[in-house]
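K.L.:
Could you work out the structure for the sequence below:
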Amino acid sequence: MAGEAGAPPRDARTGAKPAVEQRVGSALRAALALAVLLMLVGVAGGGALKLLRYAMRTPTADDTAQIICTAYRQQNYDLLLQRIDSTPVPPANTGAFDANALRARLQVLDTSQGTVSSCAYRQLDFGTTATTPGALQYTFAMRRARAANEFDLIMTLIYESDGTWKVSRASNFTGLPA
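P.N.:
Residues are numbered from 1 along each chain as shown. The predicted structure follows:
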């Protein structure tokens, strides 16, 4: 049986390619599969790195404001209390911060006026003059389930030395006069 010019000879009985050529083909397929697998792992690793960078970034003041809205809507007051700077702000706040008292006041409002059903926030803009360096003021427009009107809370967010934003104790957490 005559082969084509330049082609390796085939087995005369079966017409099969020689074993060496079969091994080369298998190795080539394995190498191609490995290359595709490595490419997929690389793409997945790039996506994971992107998520990790987002998760590891320092939260902004807007992130903290969003957490505050979430805490009120879900009645997760522990989440809110974790974001409050317990440092006294004289003259209104001179003693130790009483997280249990604030939680109880918010729960009483939930019972009497309904839970917070909507919350929106925006940073108040004072132009180029800051009232307190490292502090931003936000207004939170909220509505309670059984309340007729929307109410606003004004909270001051303070930039902490660890790079996080906390809520000043001087903020109004209930929407009621102090």
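
K.L.:
use CA for all of it now, contacts and neighbours both
P.N.:
OK.

K.L.:
what's the spacing between Gln113 and Leu79?
P.N.:
In this view, Gln113 and Leu79 are 21 Å apart by Cα to Cα, to the nearest Å.

K.L.:
Leu124 now?
P.N.:
As judged by Cα to Cα, Leu124 and Leu79 stand 23 Å apart.

K.L.:
With Gly134 instead?
P.N.:
Applying Cα to Cα, the value for Gly134 to Leu79 is 22 Å.

K.L.:
Strands of the chain, start to end?
P.N.:
Taking DSSP state E to define them, one finds strands in the chain at 116-123, 135-144, 151-159, 165-167.

K.L.:
Which elements pack onto the last one?
P.N.:
In other words, strand 165-167. Counting contacts by 3 or more Cα pairs under 8 Å, 6 or more residues apart in numbering; DSSP states H and E, strand 165-167 packs against helix 61-73, strand 151-159.

K.L.:
Let's have these in CSV, adding mean pLDDT.
P.N.:
What follows is the helices and strands packed on strand 165-167, written out as CSV (pLDDT from 0 to 100):
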stretch, mean pLDDT
helix 61-73, 95
strand 151-159, 92
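
K.L.:
Redo those as CSV? Include distance to Arg29 and mean neighbour count.
P.N.:
Output for these, formatted as CSV (distance: least, Cα to Cα, whole Å; neighbours: other Cα atoms under 10 Å):
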stretch, distance to Arg29, mean neighbour count
helix 61-73, 49, 19
strand 151-159, 57, 20
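
K.L.:
so what's Thr174 closest to, chain neighbours aside?
P.N.:
Take Thr174 and drop its neighbours on the chain: the residue closest to it by Cα to Cα, 6 or more residues apart in numbering is Leu106, 6.6 Å away.
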